[in-house]
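1. Need a 3D model of the sequence below.
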Amino acid sequence: MNTLSRIAAAAVVTIGVTGAAQAAVTYPAGWTPITAPFNNLPLTTVFQTGFVGHNAADIDVLKMGSVPGSSIAAGGTIIPNQQVTPEGTIATIGTIASPWTVELNNQTQNTNFISGQTYATTGPTGPNGDGNFYAFVAYTGGTMTAAILNAFFGPGVYTIPQLTSIINTIYAAIPNAVFVGVEDRTTATTLDWNDLVYAFSSPILVPEPATMALLGAGLLGLGLARRRKA
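-> A predicted model of the protein is given here:
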(Lines give C-alpha, C1' and ligand atoms only; values in the text may rest on other atoms or scores of the structure.)
Protein backbone atom coordinates (compact mmCIF):
# COMPACT_ATOMS: atom_id res chain seq x y z
CA MET A 1 0.00 0.00 0.00
CA ASN A 2 1.48 3.37 -1.04
CA THR A 3 1.75 6.50 1.08
CA LEU A 4 -1.51 8.06 -0.09
CA SER A 5 -3.42 4.84 0.47
CA ARG A 6 -2.07 4.49 4.01
CA ILE A 7 -3.01 8.08 4.84
CA ALA A 8 -6.45 7.77 3.29
CA ALA A 9 -7.06 4.51 5.12
CA ALA A 10 -5.99 6.10 8.39
CA ALA A 11 -8.25 9.06 7.71
CA VAL A 12 -11.30 6.89 7.12
CA VAL A 13 -10.78 5.24 10.51
CA THR A 14 -11.02 8.64 12.18
CA ILE A 15 -14.22 9.65 10.39
CA GLY A 16 -16.29 7.72 12.86
CA VAL A 17 -14.59 9.59 15.72
CA THR A 18 -14.20 13.15 14.46
CA GLY A 19 -17.06 13.33 12.00
CA ALA A 20 -19.72 10.83 12.96
CA ALA A 21 -22.17 12.67 10.69
CA GLN A 22 -20.21 11.31 7.73
CA ALA A 23 -21.77 7.91 8.41
CA ALA A 24 -24.88 9.18 6.57
CA VAL A 25 -22.90 9.18 3.31
CA THR A 26 -22.03 5.85 1.71
CA TYR A 27 -18.86 5.98 -0.37
CA PRO A 28 -18.15 3.43 -3.12
CA ALA A 29 -16.54 0.20 -1.91
CA GLY A 30 -12.75 0.43 -2.11
CA TRP A 31 -12.78 4.22 -2.41
CA THR A 32 -11.84 6.39 0.59
CA PRO A 33 -12.84 10.06 1.01
CA ILE A 34 -9.90 12.47 0.83
CA THR A 35 -10.23 14.60 3.96
CA ALA A 36 -7.16 16.82 3.59
CA PRO A 37 -5.71 19.23 1.02
CA PHE A 38 -3.28 17.84 -1.54
CA ASN A 39 0.39 18.39 -0.87
CA ASN A 40 3.63 17.44 -2.58
CA LEU A 41 6.03 15.50 -0.35
CA PRO A 42 8.98 15.54 -0.62
CA LEU A 43 9.09 19.02 -2.09
CA THR A 44 11.59 17.99 -4.79
CA THR A 45 9.22 15.42 -6.30
CA VAL A 46 7.81 16.23 -9.73
CA PHE A 47 4.02 16.15 -9.52
CA GLN A 48 2.02 14.55 -12.32
CA THR A 49 -1.68 14.17 -13.08
CA GLY A 50 -3.36 11.86 -15.56
CA PHE A 51 -6.90 12.14 -16.94
CA VAL A 52 -8.49 8.70 -16.70
CA GLY A 53 -12.07 9.28 -17.84
CA HIS A 54 -15.48 10.71 -17.00
CA ASN A 55 -19.17 9.97 -16.70
CA ALA A 56 -20.39 13.58 -16.56
CA ALA A 57 -22.50 15.67 -18.90
CA ASP A 58 -21.30 18.92 -17.34
CA ILE A 59 -18.09 20.66 -18.38
CA ASP A 60 -15.49 20.24 -15.63
CA VAL A 61 -11.95 21.63 -15.28
CA LEU A 62 -9.36 20.46 -12.75
CA LYS A 63 -7.43 23.42 -11.30
CA MET A 64 -4.75 24.29 -8.79
CA GLY A 65 -6.04 25.48 -5.44
CA SER A 66 -4.47 27.33 -2.54
CA VAL A 67 -4.58 26.69 1.19
CA PRO A 68 -3.78 29.01 4.15
CA GLY A 69 -0.07 29.80 4.24
CA SER A 70 0.46 28.73 0.64
CA SER A 71 2.38 30.72 -1.94
CA ILE A 72 0.57 28.92 -4.76
CA ALA A 73 -1.73 31.11 -6.83
CA ALA A 74 -5.07 29.39 -7.21
CA GLY A 75 -6.81 28.99 -10.54
CA GLY A 76 -4.16 27.44 -12.79
CA THR A 77 -5.59 24.69 -15.00
CA ILE A 78 -4.21 21.17 -14.53
CA ILE A 79 -6.58 19.20 -16.79
CA PRO A 80 -8.89 21.22 -19.09
CA ASN A 81 -12.48 20.52 -20.18
CA GLN A 82 -12.90 16.77 -19.90
CA GLN A 83 -15.35 16.70 -22.80
CA VAL A 84 -12.51 17.42 -25.27
CA THR A 85 -9.47 16.14 -23.34
CA PRO A 86 -8.37 12.65 -24.48
CA GLU A 87 -8.35 9.94 -21.85
CA GLY A 88 -4.80 9.08 -20.84
CA THR A 89 -3.61 12.71 -21.10
CA ILE A 90 -0.71 13.35 -18.69
CA ALA A 91 -0.01 16.76 -17.16
CA THR A 92 3.39 17.34 -15.51
CA ILE A 93 3.15 20.17 -13.00
CA GLY A 94 6.75 20.08 -11.78
CA THR A 95 7.97 20.59 -8.24
CA ILE A 96 5.77 22.36 -5.71
CA ALA A 97 7.47 23.96 -2.71
CA SER A 98 4.36 25.08 -0.88
CA PRO A 99 1.13 23.55 0.49
CA TRP A 100 -1.59 23.42 -2.12
CA THR A 101 -4.73 21.60 -3.12
CA VAL A 102 -6.82 20.84 -6.18
CA GLU A 103 -10.31 21.92 -7.08
CA LEU A 104 -12.83 20.81 -9.64
CA ASN A 105 -14.58 23.68 -11.39
CA ASN A 106 -17.97 22.66 -12.78
CA GLN A 107 -18.36 25.33 -15.44
CA THR A 108 -21.87 24.22 -16.37
CA GLN A 109 -23.22 24.60 -12.83
CA ASN A 110 -20.77 27.36 -11.84
CA THR A 111 -19.69 25.44 -8.72
CA ASN A 112 -16.32 24.46 -7.24
CA PHE A 113 -15.30 21.37 -5.28
CA ILE A 114 -12.07 21.49 -3.28
CA SER A 115 -10.12 18.55 -1.87
CA GLY A 116 -10.50 18.25 1.89
CA GLN A 117 -13.73 20.24 2.12
CA THR A 118 -17.23 18.92 2.72
CA TYR A 119 -20.37 19.87 0.81
CA ALA A 120 -24.05 19.74 1.68
CA THR A 121 -26.37 17.77 -0.58
CA THR A 122 -29.54 19.23 -1.99
CA GLY A 123 -32.08 17.76 -4.32
CA PRO A 124 -35.50 16.20 -4.73
CA THR A 125 -34.84 13.58 -2.06
CA GLY A 126 -33.72 16.16 0.51
CA PRO A 127 -30.52 16.08 2.59
CA ASN A 128 -28.63 12.82 2.89
CA GLY A 129 -28.32 12.61 6.66
CA ASP A 130 -26.60 15.86 7.64
CA GLY A 131 -25.73 16.32 3.96
CA ASN A 132 -21.95 16.56 4.36
CA PHE A 133 -19.79 14.68 1.88
CA TYR A 134 -16.24 14.88 0.56
CA ALA A 135 -16.09 15.44 -3.21
CA PHE A 136 -12.77 13.60 -3.77
CA VAL A 137 -12.28 9.87 -3.12
CA ALA A 138 -9.11 7.81 -3.57
CA TYR A 139 -9.04 4.18 -4.62
CA THR A 140 -7.29 2.33 -1.80
CA GLY A 141 -7.93 -1.25 -2.87
CA GLY A 142 -4.58 -1.84 -4.55
CA THR A 143 -3.61 -1.85 -8.22
CA MET A 144 -6.30 -0.42 -10.51
CA THR A 145 -7.80 -2.76 -13.10
CA ALA A 146 -10.15 -2.32 -16.04
CA ALA A 147 -12.81 -4.40 -14.28
CA ILE A 148 -12.74 -2.12 -11.22
CA LEU A 149 -12.99 1.04 -13.33
CA ASN A 150 -15.72 -0.46 -15.49
CA ALA A 151 -17.83 -1.18 -12.42
CA PHE A 152 -17.09 2.29 -11.05
CA PHE A 153 -18.08 4.17 -14.21
CA GLY A 154 -21.09 1.96 -14.86
CA PRO A 155 -22.14 -0.05 -17.91
CA GLY A 156 -21.74 1.39 -21.37
CA VAL A 157 -19.39 4.28 -20.50
CA TYR A 158 -16.15 2.58 -21.55
CA THR A 159 -15.22 -0.88 -22.80
CA ILE A 160 -12.76 -3.15 -21.01
CA PRO A 161 -10.18 -2.78 -23.84
CA GLN A 162 -10.49 1.02 -23.65
CA LEU A 163 -9.99 1.05 -19.89
CA THR A 164 -7.09 -1.39 -20.12
CA SER A 165 -5.35 0.91 -22.60
CA ILE A 166 -5.98 3.99 -20.42
CA ILE A 167 -4.69 2.29 -17.28
CA ASN A 168 -1.57 1.07 -19.06
CA THR A 169 -0.90 4.61 -20.30
CA ILE A 170 -1.37 6.04 -16.81
CA TYR A 171 0.91 3.51 -15.08
CA ALA A 172 3.58 3.88 -17.78
CA ALA A 173 3.78 7.61 -17.08
CA ILE A 174 2.99 7.52 -13.34
CA PRO A 175 4.09 4.17 -11.84
CA ASN A 176 2.93 5.18 -8.35
CA ALA A 177 -0.41 6.55 -9.58
CA VAL A 178 -3.30 6.93 -7.16
CA PHE A 179 -6.70 6.95 -8.84
CA VAL A 180 -9.12 9.60 -7.58
CA GLY A 181 -12.84 9.94 -8.33
CA VAL A 182 -14.65 13.27 -8.06
CA GLU A 183 -18.31 14.17 -7.55
CA ASP A 184 -19.24 17.29 -9.55
CA ARG A 185 -22.74 17.99 -8.19
CA THR A 186 -24.37 18.29 -4.78
CA THR A 187 -27.72 16.69 -5.59
CA ALA A 188 -28.31 13.78 -3.23
CA THR A 189 -29.43 11.47 -6.04
CA THR A 190 -26.19 11.86 -8.02
CA LEU A 191 -23.57 11.06 -5.37
CA ASP A 192 -21.51 8.40 -7.15
CA TRP A 193 -18.03 10.03 -7.40
CA ASN A 194 -17.54 8.69 -10.93
CA ASP A 195 -18.14 11.99 -12.73
CA LEU A 196 -14.38 12.46 -13.18
CA VAL A 197 -11.49 10.10 -12.51
CA TYR A 198 -7.90 11.32 -12.37
CA ALA A 199 -4.60 9.70 -11.42
CA PHE A 200 -2.12 11.57 -9.23
CA SER A 201 1.50 10.86 -8.42
CA SER A 202 2.05 9.87 -4.79
CA PRO A 203 2.63 10.97 -2.09
CA ILE A 204 0.15 13.81 -2.54
CA LEU A 205 -1.67 14.08 0.76
CA VAL A 206 -0.98 15.15 4.31
CA PRO A 207 -3.35 14.22 7.15
CA GLU A 208 -5.50 16.99 8.55
CA PRO A 209 -4.41 18.19 12.05
CA ALA A 210 -7.28 16.39 13.76
CA THR A 211 -6.28 13.15 12.09
CA MET A 212 -2.67 13.59 13.17
CA ALA A 213 -3.74 14.28 16.75
CA LEU A 214 -5.93 11.19 16.83
CA LEU A 215 -3.24 9.02 15.30
CA GLY A 216 -0.75 10.34 17.85
CA ALA A 217 -3.16 9.66 20.69
CA GLY A 218 -3.76 6.15 19.40
CA LEU A 219 -0.05 5.40 19.23
CA LEU A 220 0.43 6.82 22.72
CA GLY A 221 -2.38 4.65 24.05
CA LEU A 222 -0.89 1.59 22.38
CA GLY A 223 2.46 2.34 23.97
CA LEU A 224 0.91 2.73 27.42
CA ALA A 225 -1.03 -0.51 27.02
CA ARG A 226 2.16 -2.37 26.12
CA ARG A 227 3.96 -0.88 29.12
CA ARG A 228 1.15 -2.05 31.44
CA LYS A 229 1.37 -5.59 30.01
CA ALA A 230 5.15 -5.56 30.51
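2. tell me the contacts of Met144?
-> By C-beta atoms under 8 Å, 6 or more residues apart in numbering, the residues touching Met144 are 167, 170, 177, 179. For every residue, glycine as well, the C-beta is placed using N, CA and C.
3. Can you flag which of those belong to helices?
-> 167, 170 (DSSP state H).
4. buried set for stretch 46-63?
-> Neighbour counts over stretch 46-63 (16 or more other C-beta atoms under 10 Å) mark 47-56, 58-63 as buried.
5. out of the contacts of Met144, which one sits closest to Gln109?
-> Phe179 (24.0 Å; C-beta to C-beta).
6. What is the neighbour count of the residue nearest to that closest one when sequence neighbours are not counted?
-> Nearest non-adjacent residue to Phe179, counting by C-beta to C-beta, 6 or more residues apart in numbering: Tyr139, 4.3 Å away. Neighbourhood size, Tyr139 [other C-beta atoms under 10 Å]: 24.
7. ranges for the helices of the chain?
-> Counting by DSSP H, the helices of the chain are 3-18, 146-153, 160-173, 209-229.
8. quick one: least confident helix or strand in this protein?
-> Within the chain, no helix or strand scores below helix 3-18, which has a mean of 37 by mean pLDDT, DSSP states H and E.
9. Please list the members of the buried residues of stretch 46-63 that lie in strands.
-> Among the buried residues of stretch 46-63, the ones falling in strands (DSSP state E) are 47-54, 60-63.
10. Okay, buried residues for stretch 144-163 please.
-> By 16+ other C-beta under 10 Å, the buried positions in stretch 144-163 come out as 144, 146, 148-150, 152-153, 158, 162-163.
11. a markdown table please, covering these and showing pLDDT and distance to Tyr119.
-> Putting the buried residues of stretch 144-163 into a markdown table (pLDDT from 0 to 100; distance: C-beta to C-beta, whole Å) gives the following:
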| residue | pLDDT | distance to Tyr119 |
| --- | --- | --- |
| Met144 | 97 | 25 |
| Ala146 | 98 | 30 |
| Ile148 | 97 | 25 |
| Leu149 | 97 | 24 |
| Asn150 | 97 | 27 |
| Phe152 | 97 | 20 |
| Phe153 | 97 | 22 |
| Tyr158 | 97 | 27 |
| Gln162 | 98 | 30 |
| Leu163 | 98 | 28 |
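12. List just the nearest of those residues to Ala199.
-> Set against Ala199, the nearest of the buried residues of stretch 144-163 by C-beta to C-beta is Met144 (8.0 Å).
13. residues in contact with Ser115?
-> The neighbours of Ser115, taking C-beta under 8 Å, 6+ apart as the test, are 34, 36-38, 65, 101-103, 135-136.
14. pLDDT and neighbour count added to these, as JSON lines?
-> Formatted as JSON lines, the contacts of Ser115 follow (pLDDT from 0 to 100; neighbours: other C-beta atoms under 10 Å):
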{"residue": "Ile34", "pLDDT": "89", "neighbour count": "29"}
{"residue": "Ala36", "pLDDT": "80", "neighbour count": "23"}
{"residue": "Pro37", "pLDDT": "76", "neighbour count": "22"}
{"residue": "Phe38", "pLDDT": "75", "neighbour count": "26"}
{"residue": "Gly65", "pLDDT": "77", "neighbour count": "25"}
{"residue": "Thr101", "pLDDT": "81", "neighbour count": "24"}
{"residue": "Val102", "pLDDT": "87", "neighbour count": "25"}
{"residue": "Glu103", "pLDDT": "90", "neighbour count": "22"}
{"residue": "Ala135", "pLDDT": "92", "neighbour count": "27"}
{"residue": "Phe136", "pLDDT": "93", "neighbour count": "29"}
